[in-house]
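Engineer: Okay, sequence plus prediction incoming.
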Amino acid sequence: MSIMEVISLILVFLLGGLWETEAMSVTEVVGKEITIKCSHTNAFSNVKYFCKGACRDEDILISSRNKKKDTKGKYTISDEGNAFSVTISFLTEDDAGTYWCGIERVGFDTYNKVVLTVIQGEDPDNSFGLQLSDLASSSKKLVCIGAGLGVVVLTLAVVILIFLRHRRRTIRASSGMKQTD
């Protein structure tokens, strides 16, 4: 493996965050409201939006470009730079489905997938208000981050070993040349 290949591999891992497509699952009870937090790298002042479906103009439910609330008052958006929150009020079973947190970009927009499940009645197993899906999502992120760091450390170790091996050969070759003189 050449040094250029190793550098290319490292760059792919480091720049991978720019094309993120994180998935999150959330569950809430009919009649309640839920706040979904979406985060993107390098989003800053870009327009943020929340959509259901193909994310064409007609699929966008709320955007940071327009008012903070949609005309029906069901969706609210709060722009926080690299993150934004969307609150869906008065949940019904029809609200269940796949949504997308989008960021307008030059070229292609970036998205995070959100799967919303809406259930009837109180969740008796959730007395502390914790979302098990949030915990699972956090664990998946930690596993991905750990795996990525492991690959980077392993790659650096291979580069160092190749360097030391090459250096040892160079030292042996130069010392061998001096003995024959």
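Structural biologist: Nice, thanks for sending it over. Numbers count the residues shown, from 1 in each chain.
Engineer: The helix or strand Val115 falls within packs against which elements?
Structural biologist: If you go by DSSP states H and E, Val115 is part of strand 110-119. In this structure, strand 110-119 makes packing contacts with strand 23-29, strand 34-39, strand 97-103, judged by 3 or more C-beta pairs under 8 Å, 6 or more residues apart in numbering; DSSP states H and E. C-beta here means a position set from N, CA and C on the backbone, and glycine is covered the same way.
Engineer: Go through the second one and flag the buried ones.
Structural biologist: Think strand 34-39. Ile34, Ile36, Lys37, Cys38, Ser39 (16 or more other C-beta atoms under 10 Å).
Engineer: Please apply the same query to stretch 112-120.
Structural biologist: Asn112, Val114, Leu116, Val118.
Engineer: Pretty sure the last one sits against Gly31.
Structural biologist: No: counting by C-beta atoms under 8 Å, Val118 does not reach Gly31; the two are 9.4 Å apart.
Engineer: quick one: common contacting residues for the two?
Structural biologist: Leu91 (C-beta atoms under 8 Å, 6 or more residues apart in numbering).
Engineer: Would you map the strands across this structure?
Structural biologist: 23-29, 34-39, 48-52, 60-63, 75-79, 83-88, 97-103, 110-119 (DSSP state E).
Engineer: Return the most buried member of these.
Structural biologist: Stretch with highest mean neighbour count among these: strand 48-52 (a mean of 23; mean count of other C-beta atoms under 10 Å).
Engineer: Sheet partners, orientation included, of that one?
Structural biologist: Pairing partners of strand 48-52, with direction, according to DSSP bridges: strand 60-63 (antiparallel), strand 97-103 (antiparallel).
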